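A.B. asks: Whatever this is, show me its structure:
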Amino acid sequence: MATQNSNTPKSTEDSQSTAENRPGPMEVLRGARAQLAELTGMEAESVSSFERTEDDGWMLRVEVLELARVPDTMSLLASYEVTLDVQGALTGYRRVSRYERGRADRS
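C.D. replies: Predicted coordinates:
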């Protein structure tokens with residue numbers, strides 16, 4: 001019985017089955033929001049950026065309501081950078097900014 005050398009390239013069939021097992025972008029987005037909510041206890045309001053990383057994982061910027069206030073324009077939101085592996089499992093997150101809902105970005 002022959003064994004395959006680890007330096008031998010993977011077959012096209014192996015690559016396709018691996019790609020088929022990966023979640024699609026919408027699955028990744030939904031999963032990231034759910035995982036972040038579970039870890040922080042805060043619901044994501046929106047995803048403001050979404051991109052692939054060099055290692056085929058994902059990086060998202062997620063906007064989260066941190067403190068509800070009246071009027072709503074005074075509520076505090078935060079922007080979190082979330083990293084996920086190739087399968088969509090959350091590998092890390094960090095708050096990158098905090099702001100009032102009614103404030104525009106500085107130019």
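
A.B. asks: Every contact and neighbour count from this point should use C-alpha atoms.
C.D. replies: Noted.

A.B. asks: Check which helix or strand the residue nearest to Gly88 when sequence neighbours are not counted maps to.
C.D. replies: Nearest residue to Gly88, sequence neighbours excluded (Cα to Cα, 6 or more residues apart in numbering): Val28, at 5.2 Å. According to DSSP states H and E, Val28 maps onto helix 25-40.

A.B. asks: all helices of this protein, in order?
C.D. replies: 12-21, 25-40 (DSSP state H).

A.B. asks: Mind telling me which of the ones you listed the model trusts least?
C.D. replies: Among those, helix 12-21 carries the lowest mean pLDDT, at a mean of 56.

A.B. asks: Let me know the distance separating the residue nearest to Gly88 from Leu60.
C.D. replies: Val28 sits 10 Å away from Leu60, going by Cα to Cα, to the nearest Å.

A.B. asks: How about Gly24?
C.D. replies: Computed as Cα to Cα, the Gly24 to Leu60 distance reads 14 Å.

A.B. asks: Spatially nearest residue to the residue nearest the centre of the chain (excluding sequence neighbours)?
C.D. replies: Nearest to the mean C-alpha position of the chain, by Cα atoms, centre = their mean, lies Leu60 at 4.1 Å. Nearest in space to Leu60, with sequence neighbours left out and distances taken as Cα to Cα, 6+ apart, is Phe50 at 4.5 Å.
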